[in-house]
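Peer 1: sequence plus the predicted model coming up.
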Amino acid sequence: MLNSSRDERIEGAVTLGLLAAWALHDLEELATVPGWWRRHLPALRERYPAVPEAVWRRAGSVDGREFAMAVGAMAAVVAAASAAGRLTGGRSAAYQTALNAFGLHGLVHLAQAGLVRGYTPGSVTSPLVVVPFTLWARRRLRRAGVLRATRPRDLAVALGFAGAATFVAHGAARRLTGR
């Protein structure tokens, strides 16, 4: 019986831990995104002239309220994936895809910080929370024998999932704020 409750705690830490790790990471983003864009957009436009103007306009138009609503919408997605993982003992494809997307998202933040040669929102918690949690959770799932094999196609699906969820969350936030 002791092993059973220990396994339940580990499963909860692995599956619901995704939501907790995501929340820590997104608190950093909530605190920094709008101000960071206002301060850095002119220099980024100058440094990366090949980026289409529409991208810069969209990035610069996100205000704090809209961003917070997008984060809230994404919270629902991550919570649903975490719950699916918890209910299936980590076997859920939705949970494992979201976990992979979260880890890749952290790597994207690190790449962004490298491109701008400095801080970008999310680049502090990515190496401290996002990437370590993802690796730890995947290791626990592998030991439990429930980790699905990850092929390059699966990583593309995870990136697509993250991109689509982000697009929908920001679209919903934009609509809700009347922008």
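Peer 2: That came through, no problem.
Peer 1: the residue nearest to the spatial centre of the chain: what's its closest spatial neighbour, skipping adjacent residues?
Peer 2: For the chain, the residue sitting closest to the mean C-alpha position, by CA atoms, centre = their mean, is Phe102 at 4.2 Å. With CB to CB, 6 or more residues apart in numbering as the criterion, Phe102 has its nearest non-adjacent residue at 5.7 Å, and that residue is Thr134. Heads up, the C-betas are built off the backbone N, CA and C, glycines and all.
Peer 1: so that neighbour sits against Leu107, correct?
Peer 2: No - in this structure, Thr134 is not within contact of Leu107 by CB atoms under 8 Å, at 9.3 Å.
Peer 1: tell me which of those two has more neighbours.
Peer 2: Thr134 (21 against 14; other CB atoms under 10 Å).
Peer 1: packing partners for the host helix or strand of that one?
Peer 2: For Thr134, the element it lies in under DSSP states H and E is helix 131-144. With contacts defined as 3 or more CB pairs under 8 Å, 6 or more residues apart in numbering; DSSP states H and E, the packing partners of helix 131-144 are helix 2-47, helix 93-116.
Peer 1: could I get the ones you listed in CSV, plus columns for distance to Ala156?
Peer 2: Formatted as CSV, the helices and strands packed on helix 131-144 follow (distance: least, CB to CB, whole Å):
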stretch, distance to Ala156
helix 2-47, 20
helix 93-116, 10
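Peer 1: ok, which of those comes nearest Arg174?
Peer 2: Nearest of those to Arg174, taken as CB to CB: helix 2-47 at 14.3 Å.
Peer 1: what's the angle from that closest one to helix 93-116?
Peer 2: Interaxial angle, helix 2-47 versus helix 93-116 (axes from the mean of the first three to the mean of the last three CA atoms, to 10 degrees): 40 degrees.
Peer 1: what helices or strands is helix 2-47 leaning on?
Peer 2: Against helix 2-47 (3+ CB pairs under 8 Å, 6+ apart) you get helix 53-61, helix 64-87, helix 93-116, helix 125, helix 131-144.
Peer 1: want to throw those helices into TSV with mean pLDDT and distance to Trp22?
Peer 2: As requested, these are exported to TSV (pLDDT from 0 to 100; distance: least, CB to CB, whole Å):
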stretch	mean pLDDT	distance to Trp22
helix 53-61	85	22
helix 64-87	93	5
helix 93-116	94	6
helix 125	98	10
helix 131-144	96	9
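Peer 1: in a markdown table: those, plus distance to Asp154.
Peer 2: Shown next, in a markdown table, are those (distance: least, CB to CB, whole Å):
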| stretch | distance to Asp154 |
| --- | --- |
| helix 53-61 | 28 |
| helix 64-87 | 15 |
| helix 93-116 | 7 |
| helix 125 | 24 |
| helix 131-144 | 12 |
